[in-house]
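Enquirer: Dropping a prediction and its sequence here:
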Amino acid sequence: MAAAPLRTYRRYVAVGDSFTEGIDDPDPAGTGRHRGWADRLAELLDDDARAAGGRLEYANLAVRGRRLPEVVAQQLPRALELAPDLLSISAGGNDILRPSVDVDALAAQLDEAVGAARTAGAQVLLAAGFDPAGLPVVRWTRGRVATFNLHVWAIAQRWDALVLDLWSMRALYDLRLWAPDRIHLAPAGHERVALLAAATVRGLHGGELGAAEREWAVPLPPQASPGRLVRAGRDAAWARTHLAPWVRRRLEGRSSGDGVSAKRPDPLPLVR
């Protein structure tokens with residue numbers, strides 16, 4: 001039996017926080033902006049659209065530091081105005097880092113947002129959060145991330161949405177796929193997420209996946225583990241360079257996204 005044709009999209013809009021903005025994946029064109037998994041996904045979907053005789057229009061409204069209520073209030077209305085046929089919503093990580101977060105209330109907001117998007121006719125790609133078990137400090141959020149992910153899957157089932165299953169990406173236990181701040185992905189990590197996202201929104205699975213789409217799951221070549229003293233030194237340097245400034249911003253009520261606007265506010269064809 002012939003394989004079903006790929007799903008193709010004409011307009012993709014991404015909303016969210018630093019993950020979707022693409023922090024720590026510098027634009028190779030030298031613009032000073034970030035690329036990230038959503039830009040990489042847009043390029044893959046543009047390839048599909050070109051093969052079908054069209055072009056993809058792409059907008060990215062994500063801004064670093066944004067919490068889910070801010071994404072819903074500030075980015076979602078504009079995203080729906082743009083009438084996308086594919087909308088990715090990835091947010092909640094900045095909320096979950098806060099011990100006082102109400103995960104159930106957070107999920108209720110996401111459910112309402114997905115319902116609005118699906119009612120407007122957009123296919124929605126949600127993100128189930130990374131498993132933080134191997135990451136320093138943030139690993140104590142693992143229970144909250146797991147609970148939120150269960151909500152994400154339930155919301156996706158309720159609204160017939162898609163899920164980018166980051167929790168199951170076992171290759172991401174390798175810190176070489178993470179940026180020095182250990183919170184954002186390195187370029188290779190963004191690339192793998194984009195490949196998984198492409199397979200998800202294209203409607204591929206199992207044997208229909210090509211070799212490129214399966215690359216997200218291939219572990220990096222093994223390397224010797226550093227000794228305890230080396231790890232301790234690295235952790236101390238990380239705490240000084242990355243953790244301390246993050247804590248300082250929280251105490252001062254500031255965000256890394258203060259004064260930052262969306263990098264791609266309008267849906268335009270990609271310049272390839």
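Expert: It's in.

Enquirer: what comes into contact with stretch 219-226?
Expert: Residues from elsewhere that reach stretch 219-226, judged by CB atoms under 8 Å, 6 or more residues apart in numbering: 170-171, 174, 176-177, 234. Placement of C-beta: from N, CA and C, glycine included.

Enquirer: same for the helix or strand hosting residue 267, what does it pack against?
Expert: Per DSSP states H and E: residue 267 is located in strand 264-269. If contacts are counted by 3 or more CB pairs under 8 Å, 6 or more residues apart in numbering; DSSP states H and E, strand 264-269 sits against strand 11-16, strand 57-60.

Enquirer: at 6 Å instead, please
Expert: Helices and strands touching strand 264-269, by 3 or more CB pairs under 6 Å, 6 or more residues apart in numbering; DSSP states H and E, are strand 57-60.

Enquirer: to the chain's geometric centre, what's the distance from the helix or strand just after the strand it packs on?
Expert: Sequence order places helix 68-70 as the next helix or strand after strand 57-60, per DSSP H and E. Taking CA atoms, centre = their mean, to the nearest Å, one finds helix 68-70 lying 15 Å from the centre of the chain it belongs to.

Enquirer: Send me the helix or strand following helix 68-70 as CSV with only the CA atoms.
Expert: Next helix or strand after helix 68-70 toward the C-terminus (DSSP H and E): helix 76-81. Taking Å, rounded to 0.1, in the frame of the first residue of the first chain, the C-alpha atoms of helix 76-81 are listed here in CSV:
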residue,chain,number,x,y,z
LEU,A,76,-1.6,34.2,21.1
PRO,A,77,-4.1,36.9,19.9
ARG,A,78,-1.6,38.2,17.4
ALA,A,79,-0.9,34.6,16.3
LEU,A,80,-4.5,33.9,15.7
GLU,A,81,-4.9,37.2,13.7
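
Enquirer: Mind listing the strands whatever helix or strand comes next after helix 76-81 pairs with, and their directions?
Expert: Next in sequence after helix 76-81, counting helices and strands by DSSP H and E, comes strand 86-90. Using DSSP bridges, the strands paired with strand 86-90 in its sheet are strand 11-16 (parallel), strand 123-128 (parallel).

Enquirer: any weak-confidence spans in the chain?
Expert: Along the chain, segments meeting pLDDT under 70 span 1-6, 136, 204-213, 230-239, 242-244, 246-247, 249-252, 255, 257.

Enquirer: now the helices: where do they sit in the chain?
Expert: Listed in chain order, the helices of the chain (DSSP state H) span 18-21, 36-51, 68-70, 76-81, 93-96, 103-119, 142-159, 187-202, 228-238, 244-252.

Enquirer: Output those as CSV; include the columns distance to residue 218 and mean neighbour count.
Expert: What follows is those, written out as CSV (distance: least, CB to CB, whole Å; neighbours: other CB atoms under 10 Å):
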stretch, distance to residue 218, mean neighbour count
helix 18-21, 22, 26
helix 36-51, 17, 22
helix 68-70, 32, 19
helix 76-81, 33, 17
helix 93-96, 25, 22
helix 103-119, 31, 17
helix 142-159, 23, 17
helix 187-202, 9, 22
helix 228-238, 25, 12
helix 244-252, 32, 11
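
Enquirer: CSV please, covering those helices and showing distance to residue 219.
Expert: Putting the helices of the chain into CSV (distance: least, CB to CB, whole Å) gives the following:
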stretch, distance to residue 219
helix 18-21, 22
helix 36-51, 19
helix 68-70, 32
helix 76-81, 35
helix 93-96, 24
helix 103-119, 31
helix 142-159, 21
helix 187-202, 11
helix 228-238, 20
helix 244-252, 29
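
Enquirer: closest to residue 271 out of those helices?
Expert: Among the helices of the chain, helix 36-51 comes nearest to residue 271, with 10.4 Å by CB to CB.

Enquirer: could you say what helices and strands the closest one packs with?
Expert: For helix 36-51, the elements it packs on are strand 11-16, helix 187-202, judged by 3+ CB pairs under 6 Å, 6+ apart.

Enquirer: how about the CA coordinates for the first one, as CSV?
Expert: This file holds the C-alpha atoms of strand 11-16, laid out as CSV (Å, rounded to 0.1, in the frame of the first residue of the first chain):
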residue,chain,number,x,y,z
ARG,A,11,1.6,29.4,7.2
TYR,A,12,3.4,28.5,10.4
VAL,A,13,3.4,30.7,13.5
ALA,A,14,5.4,30.0,16.6
VAL,A,15,4.7,31.4,20.1
GLY,A,16,6.5,30.8,23.3
